[in-house]
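Enquirer: Pasting the sequence and the predicted model now:
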Amino acid sequence: MTDEPLSVGMLGYGFMGDAHANALRSLPQFFPDAPAVSLDVLVGRDETAAREAADRLGFDRVATDWRDAIDDVDVFYNLGPNDVHVEPSIAALEEDVHVLCEKPLAPTVEAAERMADAAAASDAVAATGFNYRFVPAVQYAKQLIEDGALGEIRHARFRYLQDWLVDADAPWTWRMDAESAGSGALGDLGAHSFDLARFLVGDVDAVSGHRETFVEERVPEGESEPRSVTVDDAFAAHAEFANGAMGTFEATRYATGRKNGHTFEIDGSEGALRFDLERLNELEVRRGDGRGFETVLVTDDDDPYGEHWWPAGHVLGWEHTFVHENSEFLGAAAGGGEYAPDFADGLAVQRLLDAVERSDDRREWVTV
Ligand code: SOE
């Protein structure tokens with residue numbers, strides 16, 4: 001383990017830039033054993049906007065071309081649109097620079113395969129930004145499943161519901177463009193669900209998928225001409241897990257009144273679990289032949305990451321998932337350890353997204 005701070009390059013300074021920069025600033029106070037970092041360079045195409053963001057987030061300098069950033073840093077955060085995940089991440093890994101790339105890993109399976117190959121050939125750590133694995137209640141759920149508290153898993157139901165496109169006048173963004181994003185609600189939201197499903201239940205063998213696009217054109221902010229929406233607004237899928245469990249998945253940007261409703265329910269022969277991201281400190285657990293579900297508040301000292309934060313019951317929020325994720329990622333980067341979810345996990349999820357699309361195109365079940 002090196003004593004020098006790890007120098008950080010970050011591409012992108014929107015929502016995810018804020019989330020990761022906030023996490024990096026929190027680490028020294030709450031995770032004092034995490035490797036120290038220095039915020040070296042922020043990458044953005046618009047120099048003025050990047051400089052303003054660099055000042056706000058605490059970066060020393062800016063670069064308008066990612067190629068000028070990756071040679072000089074130890075760790076590279078790729079937080080750009082999905083099509084920008086590919087070449088910069090591969091180039092960084094070829095230089096043995098550690099990479100944390102946001103999800104979904106890429107716009108296509110072919111690109112995700114190239115990224116996973118680059119990760120396999122590199123000495124660096126390659127992380128995919130599935131931050132919901134780092135919710136303490138999700139890790140508690142995993143422990144329960146591994147300890148056999150649910151017995152044999154029969155059902156897994158995942159839903160990710162948002163409503164920011166219910167308004168037909170909401171502006172067009174890159175998230176609605178197939179070339180930049182790959183897919184819509186499927187890749188943006190469903191990717192999180194598929195990752196949690198793999199984490200908690202196991203591999204998926206086959207899917208039957210259905211996608212819809214409800215509004216075909218939208219106008220970009222500040223422009224007058226509409227652009228086509230070339231991705232799905234919503235999807236639903238049935239899934240067959242390798243362990244025999246049945247899965248259902250649904251994600252949408254049109255669930256009126258739902259802001260970030262990521263829920264799952266897992267039913268087994270001996271017990272069951274329910275989780276709702278909008279109540280992320282809690283896990284509802286049904287054990288044995290009890291009459292209903294017990295609500296477990298997952299904030300004790302001996303709960304996952306509990307000792308790092310406040311006394312029991314002083315709840316955590318969405319931003320803490322990024323602190324946990326970054327402590328694990330940087331620990332692996334500095335210490336040469338293993339990290340999950342890595343690019344192989346990102347590729348596995350990409351194959352599921354692709355299978356849903358192929359299944360919908362063909363109107364039949366497809367093997368993943
Ligand atoms: C937007 O739909 C979004 O910010 C996703 O991109 C994130 O991955 C998810 O965590 C919250 O919603």
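Expert: The structure has been received and is ready for your questions. Numbers count the residues shown, from 1 in each chain.
Enquirer: May I see the buried residues of stretch 264-275?
Expert: Applying a neighbour-count criterion of 16 or more other CB atoms under 10 Å, one finds 264-268, 271-275 buried in stretch 264-275. From N, CA and C alone the C-beta is placed, and that goes for glycine too.
Enquirer: cool, stretch 143-158 as well?
Expert: In terms of neighbour count (16+ other CB under 10 Å), stretch 143-158 has its buried residues at 144-145, 149-150, 153-154, 156-158.
Enquirer: Do that stretch and the ligand come into contact?
Expert: No - with CB under 6 Å from any ligand atom as the threshold, stretch 143-158 lies outside contact range of the ligand, at a closest distance of 13.7 Å.
Enquirer: That stretch spans what distance, first to last residue?
Expert: Taking CA to CA, to the nearest Å, the span from the opening residue of stretch 143-158 to its closing residue is 19 Å.
Enquirer: Equivalent analysis for stretch 248-259, please.
Expert: One end of stretch 248-259 sits 20 Å from the other (CA to CA).
Enquirer: Residues in contact with that stretch: which ones?
Expert: Residues lying outside stretch 248-259 but in contact with it, judged by CB atoms under 8 Å, 6 or more residues apart in numbering, are 156-166, 184-186, 188-190, 193-194, 197, 214, 233-239, 261, 278.
Enquirer: So is stretch 104-120 next to the ligand?
Expert: No - among the residues of stretch 104-120, none lie within reach of the ligand under CB under 6 Å from any ligand atom; the closest is 9.0 Å away.
Enquirer: got a list of contacts for that stretch?
Expert: Counting by CB under 8 Å, 6+ apart, the neighbours of stretch 104-120 from elsewhere in the structure are 82-83, 85-86, 89-90, 93-94, 99, 101, 126, 128, 178-183, 187-188, 191, 342-344, 346-347, 349-351, 353-354.
Enquirer: what about dumping the CA coordinates of that stretch to CSV?
Expert: Provided in CSV are the C-alpha atoms of stretch 104-120 (Å, rounded to 0.1, in the frame of the first residue of the first chain):
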residue,chain,number,x,y,z
PRO,A,104,-24.5,1.0,-17.6
LEU,A,105,-21.0,0.0,-18.6
ALA,A,106,-21.5,0.8,-22.3
PRO,A,107,-24.1,1.5,-24.9
THR,A,108,-23.7,-1.9,-26.5
VAL,A,109,-22.6,-5.4,-25.6
GLU,A,110,-19.8,-5.2,-28.1
ALA,A,111,-18.4,-2.1,-26.4
ALA,A,112,-18.8,-3.6,-22.9
GLU,A,113,-16.9,-6.7,-24.1
ARG,A,114,-14.0,-4.6,-25.2
MET,A,115,-14.0,-2.8,-21.8
ALA,A,116,-14.1,-6.1,-19.9
ASP,A,117,-11.2,-7.4,-22.1
ALA,A,118,-9.2,-4.3,-21.3
ALA,A,119,-9.9,-4.7,-17.6
ALA,A,120,-8.9,-8.4,-17.7
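Enquirer: Buried ones among the contacts of stretch 248-259?
Expert: Using 16+ other CB under 10 Å, the buried ones in those are 156-163, 165-166, 184-186, 188-190, 193-194, 197, 233-239, 261.
Enquirer: Helices - which of those land there?
Expert: 185, 193-194, 197 (DSSP state H).
Enquirer: Next one, pLDDT for the closest residue to the ligand within the stretch 51-200 of the chain please.
Expert: Nearest residue of the stretch 51-200 of the chain to the ligand (CB to the nearest ligand atom) works out as D188 at 4.7 Å. According to the per-residue confidence, D188 scores 98 in pLDDT.
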